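Visitor: curious how this folds, go ahead:
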Amino acid sequence: DPTLSQQMLLVRRLVELGRATRAESGVKTRQPLSRALVAAAGFETLGEELRAQIAEELNVSSLASLSEVGGSLVDTTAKANFRALGKRFGKGVQAVAKAVAAADAASLSLALREGTASVEVDGETVTLTPDEVIITETPREGWSVASDSGATVALDLEITPELRRAGLARDAIRLIQEARKNSGLDVADRIALRWVSTEEEVVTALGEHAGLISDEVLATDFATGSADDSFGEPFTDEGLGLTFRLRKA
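Guide: Residues are numbered from 1 along each chain as shown. Here you go, the predicted structure:
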């Protein structure tokens with residue numbers, strides 16, 4: 001299916017861009033974010049299943065088109081790619097470069113995402129391709145943006161208290177999964193777990209997301225409080241102020 005193949009290539013490309021801009025922002029992968037905005041040729045035709053896959057890979061609650069917020073997220077500049085343009089225009093490359101610099105950068109960027117853009121050079125219309133114009137999009141405060149060859153992914157970096165607690169729950173999941181492995185449990189073994197934390201926010205987070213945590217770590221019994229001698233040795237994480245003990249259910 002050629003269409004599906006092209007869509008999957010776009011999905012992988014957007015995921016790579018999203019991961020790159022998340023890494024550049026310093027926000028860890030396990031921290032959920034509220035939304036990602038996307039601009040790329042073909043994005044509007046992606047079905048809900050493929051969009052959901054992108055959202056899951058980027059750990060965002062929602063995915064939408066960048067066009068919904070216009071140009072409010074980035075400051076855009078455009079300049080000629082002299083190496084690429086020189087092959088076509090030779091000595092005329094300076095005139096084309098001047099036309100590119102004088103054009104509206106945001107409009108050029110939008111047109112190039114869709115395929116090609118045009119500028120006026122000495123009274124003639126010149127069509128440009130994405131590799132002939134270098135678009136630079138600088139994210140404004142509160143956003144992290146990555147662009148490449150006409151595709152852009154913007155992440156909303158605002159971390160609300162709810163999102164922060166969701167991130168803490170995922171940190172706990174990682175710790176418990178590591179503890180399961182270190183305890184020699186089989187990947188399919190169900191467990192019982194007791195936990196305590198000195199951090200009020202962690203206590204709230206693990207209470208709010210007890211169902212998710214239980215599902216992820218296969219806990220049929222997940223509760224706060226002291227553990228009896230049937231449980232294994234304690235595991236402690238100072239960053240979360242969290243101590244827990246587990247055993248096979």
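
Visitor: ok, and the closest non-adjacent residue to the one residue sitting closest to the centre of the chain?
Guide: Against the mean C-alpha coordinate of the chain, by CA atoms, centre = their mean, the closest residue is residue 58 at 3.4 Å. Among residues not flanking residue 58 along the chain, residue 18 sits closest, at 4.1 Å (CB to CB, 6 or more residues apart in numbering). In short, each C-beta sits where N, CA and C put it, glycine included.

Visitor: show the contacting residues for the one you found.
Guide: 36, 54, 57-58, 60, 146, 153, 155 (CB atoms under 8 Å, 6 or more residues apart in numbering).

Visitor: now do the residue nearest to the centre of the chain, the pLDDT please.
Guide: pLDDT, residue 58: 96.

Visitor: mind checking how far it is from residue 237?
Guide: Counting by CB to CB, to the nearest Å, the gap from residue 58 to residue 237 is 25 Å.

Visitor: partner strands of the helix or strand of the chain with the lowest mean pLDDT, parallel or antiparallel?
Guide: Least confident helix or strand of the chain, by mean pLDDT, DSSP states H and E, is strand 133-139 with a mean of 81. The strands beside strand 133-139 in its sheet (DSSP bridges) come out as strand 74-80 (antiparallel).

Visitor: return the distance of the following helix or strand past the strand it pairs with from the chain's centre.
Guide: Once the chain leaves strand 74-80, the next helix or strand it forms, by DSSP states H and E, is helix 82-89. In terms of CA atoms, centre = their mean, to the nearest Å, the centre of helix 82-89 is set 34 Å apart from its chain centre.

Visitor: do stretch 10-24 as well
Guide: Using CA atoms, centre = their mean, the offset of stretch 10-24 from its chain centre is 6 Å.

Visitor: flag every buried residue along it.
Guide: Residues 10-11, 13-15, 17-19, 21-22 are the ones in stretch 10-24 that count as buried (16 or more other CB atoms under 10 Å).

Visitor: dump that stretch to PDB, restricted to CA.
Guide: Taking Å, rounded to 0.1, in the frame of the first residue of the first chain, the C-alpha atoms of stretch 10-24 are listed here in PDB:
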ATOM      1  CA  LEU A  10       5.700  10.800   7.800                       C
ATOM      2  CA  VAL A  11       4.800   9.400  11.200                       C
ATOM      3  CA  ARG A  12       8.400   8.300  11.800                       C
ATOM      4  CA  ARG A  13       9.700  11.700  10.600                       C
ATOM      5  CA  LEU A  14       7.400  13.600  13.000                       C
ATOM      6  CA  VAL A  15       8.200  11.400  15.900                       C
ATOM      7  CA  GLU A  16      11.900  11.900  15.300                       C
ATOM      8  CA  LEU A  17      11.400  15.700  15.100                       C
ATOM      9  CA  GLY A  18       9.300  15.700  18.300                       C
ATOM     10  CA  ARG A  19      11.900  13.600  20.200                       C
ATOM     11  CA  ALA A  20      14.700  15.900  19.000                       C
ATOM     12  CA  THR A  21      12.900  19.100  20.200                       C
ATOM     13  CA  ARG A  22      12.000  17.400  23.500                       C
ATOM     14  CA  ALA A  23      15.600  16.500  24.100                       C
ATOM     15  CA  GLU A  24      16.800  20.000  23.200                       C
END
